[in-house]
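Colleague: sharing a model that was predicted from the sequence below.
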Amino acid sequence: MANWQTQVKNIAMALAVVGALWMALVVGISNAANIVIDPAAVDADVVNSLGGIDFVDRIAVAGVFVTLLGSAGLGIITAGSGNPPFINTILRYAPLIIGFVAFSAFGTEAWDLVTGNRTWANYDDTQNSYMLFLASSMVAGFVSLFRK
């Protein structure tokens with residue numbers, strides 16, 4: 001039987017996948033890719049919704065792709081001996097990396113979501129999906145620190 005840490009991490013990762021998928025669909029795959037690759041090419045309404053795009057947003061949205069394409073999401077990219085070591089490291093530590101980014105850059109907003117103090121109606125779908133992804137990743141990363 002799974003311990004509580006594994007159960008919490010699995011639920012948090014499932015919510016992170018939902019948030020990542022929701023964000024990718026709302027923003028659009030090309031806009032999401034442009035956030036990471038070329039922020040100047042992102043539609044103005046997405047930039048306004050996110051309150052601008054900085055380096056931290058680029059890392060977090062790269063985390064959206066890692067989550068969706070990794071074993072928690074679609075399973076297209078998985079850790080294995082055929083991958084370069086840095087890919088395996090990123091995939092293995094993705095919840096911790098994304099969780100750290102979420103905690104350090106979006107800690108207050110993510111904590112509001114975790115504690116139930118977020119007023120969803122005050123934000124649009126882009127902001128809500130982004131924060132769902134970040135807060136869930138933060139919880140998954142935090143809980144993975146306590147796994148045996």
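Modeller: That came through fine.
Colleague: where does the chain have low pLDDT?
Modeller: Across the chain, residues meeting the criterion (pLDDT under 70) sit at 1-2, 147-148.
Colleague: one more time with 90, if that's ok
Modeller: Counting by pLDDT under 90, the ranges of the chain that qualify are 1-10, 70-88, 90-96, 106-108, 144-148.
Colleague: so which residues of it form helices?
Modeller: Using DSSP state H, the helices found in the chain span residues 4-27, 29-37, 44-50, 55-69, 85-115, 125-144.
Colleague: quick one: the last one to chain centroid distance?
Modeller: Its chain's C-alpha centre lies 6 Å from the corresponding centre of helix 125-144 when counted by CA atoms, centre = their mean, to the nearest Å.
Colleague: show me which residues of that helix are buried.
Modeller: Going by neighbour count (16 or more other CB atoms under 10 Å), the buried part of helix 125-144 is 126-144. To be clear about C-beta, it is placed using only N, CA and C from the backbone, and glycine gets the same treatment.
Colleague: next one: the fifth one
Modeller: Within helix 85-115, the residues that qualify as buried by neighbour count (16+ other CB under 10 Å) are 88, 90-91, 94-95, 97-103, 105-106, 109-110, 113.
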